[in-house]
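Asks: predicted model and sequence below, questions to follow.
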Amino acid sequence: MIYLTSGESHGQELTVILNQIPSGIAIDIDYINNELKRRQSGYGRGGRMKIETDQAEIVSGARFGKTTGAPLTMKIKNKDWQNWTEKMAVLKKYKIPKLTMPRPGHADYAGLMKYYDDDIRNILERASARETTAQTAAGALIKSALKENFKIEIFSHTIAIGNIFINKSYTLDDLQKIYNDEVLRCIDKIVEKKMIDLIEKTKKRGDTLGGIFEVIALNIIPGLGSFIQYTNKLDAKLAAAILAIQGIKGIEFGAGFDGVRKFGSQFHDEFDLSKQKKIIRKSNNAGGIEGGMSNGCNIVFRAAMKPIPTLMSALQSVDLEDCKIKKAIVERSDVCVVPAAGVVAEAVTALTLFNIILEEFGYDNIKLIRKRYFDKLKLLEKKYKFSFYN
Ligand code: EPS
């Protein structure tokens, strides 16, 4: 299955097409729209989110509430477009001043050079994180299919905003409880207050913030991915999908970069036997992936998001029109979008995992795929005394 998004931040609408999606997947439009709502929320969002109420509309590839196997197309309207009909006119030409002072950190400058262009508007409209709406819609459909058919669940939560980190351990129950939290989706409510305070102070200064979110995926059959070729490694595929989200600069699995402080004897997740004589692990420093394959433990990774490059107190730039030092362009933007990025990461994690499931268990009908999946899982439980480990 491949999915392709199209659409500009202030264009008419966003579109996503999922090609080679299996037939028989139940479509829960309320679930999809709730994921879109989650992506829109979070303390530190800017004015745009007050304009939009993102709603997905499915226009092809489905009948009577289920996918047919034909390419599935979803559209999400940009309500703001009505304020941009001249600036973003598709055919007619209007006299609109060009944007020529690139923002450090945005796609502006490299994008202009790539397309040999001289108006940053042509770059920023597509580079905008508004595109993640389409990814979230596609991922939401797949995330609900993973849950319904394979019992796979995916959560995310905020670990850090700027230099403020959570200071509390947590359980899956805690993550479930904050799933629809509209503030920062942070399990540590004392620290969350400090994060909000920091966002407020940062906003007043015209500055922006990044942070870290964590993603956890449960009940993944072992052996997804491969150790055979670099093209099929599960961690590499997840990393590529996550790093493709706007603003993401790093990803670490399990114990991550901190893990290198440990000795091998402390790092590696020793095998153990449960009371029911099932094979489990004593820890999950590998983050659920060994040798490029899922190992039955939860898949756990954290991603680092850089501060948003649009600052209201603009950074220094050079005007490409007259080559004079000036302030970078200022577009309406957000102060901090780390919780939203977590929701997008849940979506692309779902799409990545589902694709690997399809590679191993078939592409055509979800019932047949599910049967093959659980047939294999039963064999693994019998032959290898396998049990999922959190
Ligand atoms: C976004 C919509 C955008 C920005 C943001 C993400 O809306 P607007 O540009 O109209 O304010 O809020 O985009 C960026 C941070 C960016 O760098 O482009 C969204 O829907 O998530």
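Replies: Looks like it came in fine. Residues are numbered from 1 along each chain as shown.
Asks: what about the helices in the stretch 201-350 of the chain?
Replies: 234-243, 264-267, 338-361 (DSSP state H, counting those that start in this stretch).
Asks: residue of the stretch 101-250 of the chain nearest the ligand, please.
Replies: residue 128 (3.2 Å; CB to the nearest ligand atom). Just so you know, the C-beta spots here come from the backbone N, C-alpha and C atoms, and that holds for glycine as well.
Asks: skipping adjacent residues, who's closest to that residue in space?
Replies: residue 9 (3.7 Å; CB to CB, 6 or more residues apart in numbering).
Asks: burial count for that neighbour?
Replies: Look at residue 9: counted by other CB atoms under 10 Å, it has 22 neighbours.
Asks: got the contact list for the residue nearest in space to the middle of the chain?
Replies: Central residue of the chain (CA atoms, centre = their mean): residue 345, 1.9 Å from the mean position. Residue 345 sits next to 156, 213, 215, 242, 245, 248, 303 when contact means CB atoms under 8 Å, 6 or more residues apart in numbering.
Asks: quick check, the first one in a strand?
Replies: Yes: inclusion of residue 156 in a strand is indicated when DSSP: H, G, I helix; E, B strand; the rest coil is applied.
Asks: ok, now which ones touch it?
Replies: Contacts of residue 156 by CB under 8 Å, 6+ apart are 185, 213-216, 342-343, 345-346.
Asks: swap the cut-off to 7 Å and go again
Replies: 213-215, 342-343, 345-346 (CB atoms under 7 Å, 6 or more residues apart in numbering).
Asks: kindly report the same for the second one.
Replies: Residue 213 makes contacts with 156-159, 302-303, 338, 341-342, 345, as judged by CB under 7 Å, 6+ apart.
Asks: one more time with 10 Å
Replies: Contact analysis of residue 213 by CB atoms under 10 Å, 6 or more residues apart in numbering lists 156-161, 184-186, 248, 301-305, 338-346.
Asks: how far away is the nearest residue to residue 387 once chain neighbours are set aside from the ligand?
Replies: Closest residue in space to residue 387, ignoring its immediate chain neighbours: residue 278 at 3.6 Å, by CB to CB, 6+ apart. Noted for residue 278: a distance of 43 Å to the ligand, by CB to the nearest ligand atom, to the nearest Å.
Asks: figure out how far stretch 31-50 is from the centre of its chain.
Replies: Using CA atoms, centre = their mean, to the nearest Å, the mean C-alpha position of stretch 31-50 is found 13 Å from that of the whole chain.
Asks: should've said stretch 151-168
Replies: A distance of 13 Å separates the centroid of the chain from that of stretch 151-168, by CA atoms, centre = their mean.
Asks: please apply the same query to stretch 207-214.
Replies: The answer for stretch 207-214 is 14 Å, by CA atoms, centre = their mean.
Asks: likewise stretch 8-15?
Replies: Using CA atoms, centre = their mean, the mean C-alpha position of stretch 8-15 is found 19 Å from that of the whole chain.
Asks: and that stretch, end to end?
Replies: In stretch 8-15, first residue to last residue: 10 Å (CA to CA, to the nearest Å).
Asks: chain neighbours aside, what residue packs nearest to whichever residue of the stretch 201-350 of the chain sits closest to the ligand?
Replies: Residue nearest to the ligand within the stretch 201-350 of the chain: residue 332 (4.0 Å; CB to the nearest ligand atom). Distances taken as CB to CB, 6+ apart put residue 47 closest to residue 332, at 5.4 Å, once the chain neighbours are dropped.
Asks: can you give me the pLDDT of the one you found?
Replies: You'll see residue 47 listed with a pLDDT of 92.
Asks: from here on, call the first residue 53.
Replies: Okay, residue one is now 53; in that scheme the one you just asked about reads as residue 99.
Asks: any idea how far residue 344 is from it?
Replies: 43 Å (CB to CB, to the nearest Å).
Asks: could you do residue 368 as well?
Replies: Taken as CB to CB, the span from residue 368 to residue 344 is 43 Å.
Asks: which stretches of the stretch 103-252 of the chain have low pLDDT?
Replies: For the stretch 103-252 of the chain, no stretch has pLDDT under 70.
Asks: helices along that one, start to end?
Replies: Using DSSP H, counting those that start in this stretch, helices in the stretch 103-252 of the chain cover 160-167, 173-179, 184-202, 224-229, 241-256.
Asks: for those, state which one has the densest average packing.
Replies: Highest mean neighbour count among the helices of the stretch 103-252 of the chain (mean count of other CB atoms under 10 Å): helix 184-202, with a mean of 24.
Asks: read off the pLDDT value for the residue nearest to residue 277 when sequence neighbours are not counted.
Replies: With sequence-adjacent residues excluded and distances taken as CB to CB, 6+ apart, residue 277 is closest to residue 286, at 2.8 Å. The confidence metric pLDDT takes the value 98 at residue 286.
Asks: specify the beta-bridge partners of the closest residue to residue 247 other than its chain neighbours.
Replies: Leaving aside its chain neighbours, residue 247 sits nearest to residue 213 (4.1 Å; criterion: CB to CB, 6+ apart). For residue 213, the residues forming beta bridges with it (DSSP bridges) are residue 216, residue 263.
Asks: got the residues of the stretch 53-202 of the chain near the ligand?
Replies: 61, 98, 100, 132, 180-182, 184-185 (CB under 6 Å from any ligand atom).
Asks: most widely separated two among those residues?
Replies: Greatest spatial distance among those (CB to CB): 132 and 184, at 15.7 Å.
Asks: now the helices of the stretch 253-402 of the chain as a markdown table including distance to residue 117?
Replies: Formatted as a markdown table, the helices of the stretch 253-402 of the chain follow (distance: least, CB to CB, whole Å):
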| stretch | distance to residue 117 |
| --- | --- |
| helix 286-295 | 28 |
| helix 316-319 | 47 |
| helix 390-413 | 19 |
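Asks: in a markdown table: these, plus distance to the ligand.
Replies: Shown next, in a markdown table, are these (distance: least, CB to the nearest ligand atom, whole Å):
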| stretch | distance to the ligand |
| --- | --- |
| helix 286-295 | 16 |
| helix 316-319 | 37 |
| helix 390-413 | 6 |
